[in-house]
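Participant: structure here, sequence nowhere to be found:
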């Protein structure tokens, strides 16, 4: 009985031994019993693929296929050193600098499978504007606006468009801020009057990309020192008039000066036979509303053996102004201000002098005989005392 029992345990012991020996071997083959990992298929679209620096590109990977399961991760490499991870297949990115960038996308599904794809983005660099110019000038200066260091990052050709003064609508379209006053790299700016001048430079590259830079210059007025110099202005005319004839001359003695005093003298040649001739001198200054005349007399200056004469005088035509320092944008403007100040305008404009030969005596006493004194020679001298402004910039 005991011997048969021992015979039954032996097969059981052998089976247990085989199981213990084979189990470790089978544990290494469990992967053969699991299904293989399935990779997704990555798909990416970018729009637009060509932009200007500073613009944004949208990336769409929603057409990516997980094959099995779902896509759980989207890894974006934008090619400019920036990365992003999303759980949806849609994102955007702004490119601050120019160049060509390779964008990579890696998608991962819930089984751990992954796939990658890439696309290329072209970013055009806008022209880089560099303007060298003064910020403060004086009226009448002509500063240079130097944009010669402006360039296109890709080395393309560039065009310049300057609006040199927003205060003027040079093309007359009603918009003073869209004028094209110059297409040069280094235009000159005219500064006729004090104040602020503002404008803009627009630069366009060969791909149509534009950059705009706004600028402003402060224009200061000028300071002048004025002193008044007294001078004498003398004019003279001479001629011959028959009885009944008239001589006339117009001039502008008040240009650039202040008229203070006037002395005028008309003299006739001395007749050897009395009576002396009778001429009339007249002067007209219509802008000042002043008219005057004087006549020689046929019997004047007989005892002194002098020729006949007539004179017109006027003093204090304008008050004497004081000098000092004045502000004006130009010497020409200051001169106009000085000479057109209230109370200093007498004598401006045209002066007209006229001489009338009214009588030339004696006449012939016998009919048919020639007139012994048909006319006379004359001389007119006109002398002005004037004040001339001496202007020096401080």
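Facilitator: Looks like it came in fine. None of the values given here were measured: they were computed from a predicted structure. Numbering: from 1, shown residues only.
Participant: show me what contacts the residue most central in space within the chain?
Facilitator: Closest residue to the average C-alpha location of the chain: residue 164 at 2.6 Å, with Cα atoms, centre = their mean. By Cβ atoms under 8 Å, 6 or more residues apart in numbering, the contact set of residue 164 is 145, 179, 181, 182, 187, 189, 190, 197, 199. (Each C-beta comes from the backbone N, C-alpha and C, glycine too.)
Participant: most neighbours among these, which one?
Facilitator: For the contacts of residue 164, counting by other Cβ atoms under 10 Å, the largest number of neighbours falls to residue 199: 24 neighbours.
Participant: check the secondary structure at it for me.
Facilitator: strand (DSSP: H, G, I helix; E, B strand; the rest coil).
Participant: my guess is it contacts residue 165. True?
Facilitator: Yes: using Cβ atoms under 8 Å, residue 199 is in contact with residue 165, at 5.8 Å.
Participant: which neighbours do the two share?
Facilitator: Counting by Cβ under 8 Å, 6+ apart, the common neighbours of residue 199 and residue 165 are residue 181.
Participant: and for residue 324, the neighbour number?
Facilitator: Residues near residue 324, counting by other Cβ under 10 Å, number 9.
Participant: confidence score at the residue nearest to the centre of the chain?
Facilitator: Residue 164 carries a pLDDT value of 98.
Participant: OK, contacts around the closest residue in space to it that isn't next to it in sequence?
Facilitator: Spatial nearest neighbour of residue 164, excluding adjacent residues (Cβ to Cβ, 6 or more residues apart in numbering): residue 181 at 4.1 Å. Contacts for residue 181 (Cβ under 8 Å, 6+ apart) come out as 162, 163, 164, 165, 170, 187, 199.
Participant: for residue 256, see how far away residue 181 is.
Facilitator: Separation of residue 181 from residue 256 (Cβ to Cβ, to the nearest Å) stands at 34 Å.
Participant: quick one: low-confidence ranges for the stretch 201-350 of the chain?
Facilitator: Residues of the stretch 201-350 of the chain meeting the criterion pLDDT under 70: 271-276, 297-305.
Participant: would you mark the buried spots in stretch 205-216?
Facilitator: 205, 209, 211, 213, 215 (16 or more other Cβ atoms under 10 Å).
Participant: am I right that residue 343 is in a strand?
Facilitator: No: with three-state DSSP as the criterion, residue 343 is coil rather than part of a strand.
Participant: touching, it and residue 318? I think so.
Facilitator: Yes: assessed by Cβ under 8 Å, residue 343 is found in contact with residue 318 at 7.3 Å.
Participant: higher neighbour count, these two?
Facilitator: With neighbours defined as other Cβ under 10 Å, residue 343 and residue 318 compare such that residue 318 has more, 21 against 8.
Participant: between the two ends of stretch 77-84, how far is it?
Facilitator: With Cα to Cα, to the nearest Å applied, stretch 77-84 spans 7 Å between its terminal residues.
Participant: which residues does residue 193 contact?
Facilitator: Contacts of residue 193 were listed using Cβ under 8 Å, 6+ apart, and they are 139, 219, 329.
Participant: how near is residue 338 to residue 332?
Facilitator: Between residue 338 and residue 332 the distance is 11 Å, computed by Cβ to Cβ.
Participant: those two: which has the busier surroundings?
Facilitator: Higher neighbour count among residue 338 and residue 332: residue 338, with 21 against 11, using other Cβ under 10 Å.
Participant: quick one: the strands in the stretch 251-394 of the chain?
Facilitator: Per DSSP state E, counting those that start in this stretch, the stretch 251-394 of the chain carries strands over the ranges 258-268, 278-285, 290-295, 309-314, 324-328, 351-359, 375-393.
Participant: let's have these in CSV, adding distance to residue 73.
Facilitator: Formatted as CSV, the strands of the stretch 251-394 of the chain follow (distance: least, Cβ to Cβ, whole Å):
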stretch, distance to residue 73
strand 258-268, 92
strand 278-285, 99
strand 290-295, 101
strand 309-314, 105
strand 324-328, 74
strand 351-359, 99
strand 375-393, 76
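Participant: give me the subset of the contacts of residue 181 lying in strands.
Facilitator: Counting by DSSP state E, those place 162, 163, 199 in strands.
Participant: grab the nearest non-local neighbour of residue 263.
Facilitator: Distance criterion Cβ to Cβ, 6+ apart; nearest residue to residue 263, sequence neighbours excluded, is residue 383 at 4.6 Å.
Participant: no, scratch that, I was asking about residue 131
Facilitator: residue 147 (5.0 Å).
Participant: burial count for that neighbour?
Facilitator: Counted with other Cβ under 10 Å, residue 147 comes out at 23.
Participant: before we move on, the earlier item: Throw the ones in strands among the contacts of residue 181 into TSV and include distance to residue 175, thanks.
Facilitator: Below are these laid out as TSV (distance: Cβ to Cβ, whole Å):
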residue	distance to residue 175
162	16
163	10
199	13
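Participant: closest to residue 126 out of those?
Facilitator: Of all the ones in strands among the contacts of residue 181, residue 126 sits closest to residue 162, with 17.6 Å by Cβ to Cβ.
Participant: show me what contacts that closest one?
Facilitator: By Cβ under 8 Å, 6+ apart, the residues touching residue 162 are 145, 180, 181, 182, 183, 184, 187, 199, 200, 201.
Participant: roughly how far does the second one sit from residue 200?
Facilitator: Think residue 180. Distance of residue 180 to residue 200, given as Cβ to Cβ: 11 Å.
Participant: mind listing the shared neighbours of these two?
Facilitator: 162, 163.
Participant: okay, these two: which has more neighbours?
Facilitator: residue 200 (16 against 13).
Participant: check what pLDDT that one gets.
Facilitator: pLDDT for residue 200: 98.
Participant: quick check: it touching residue 212?
Facilitator: Yes: applying Cβ under 8 Å, one finds residue 200 in contact with residue 212, separated by 5.8 Å.
Participant: break the chain into its domains for me.
Facilitator: Listed domain ranges for the chain are 45-124, 136-220, 225-393 (source: automatic domain parsing).
Participant: in a markdown table: the ones you listed, plus distance to residue 38.
Facilitator: Below are the domains of the chain laid out as a markdown table (distance: least, Cβ to Cβ, whole Å):
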| stretch | distance to residue 38 |
| --- | --- |
| domain 45-124 | 5 |
| domain 136-220 | 45 |
| domain 225-393 | 83 |
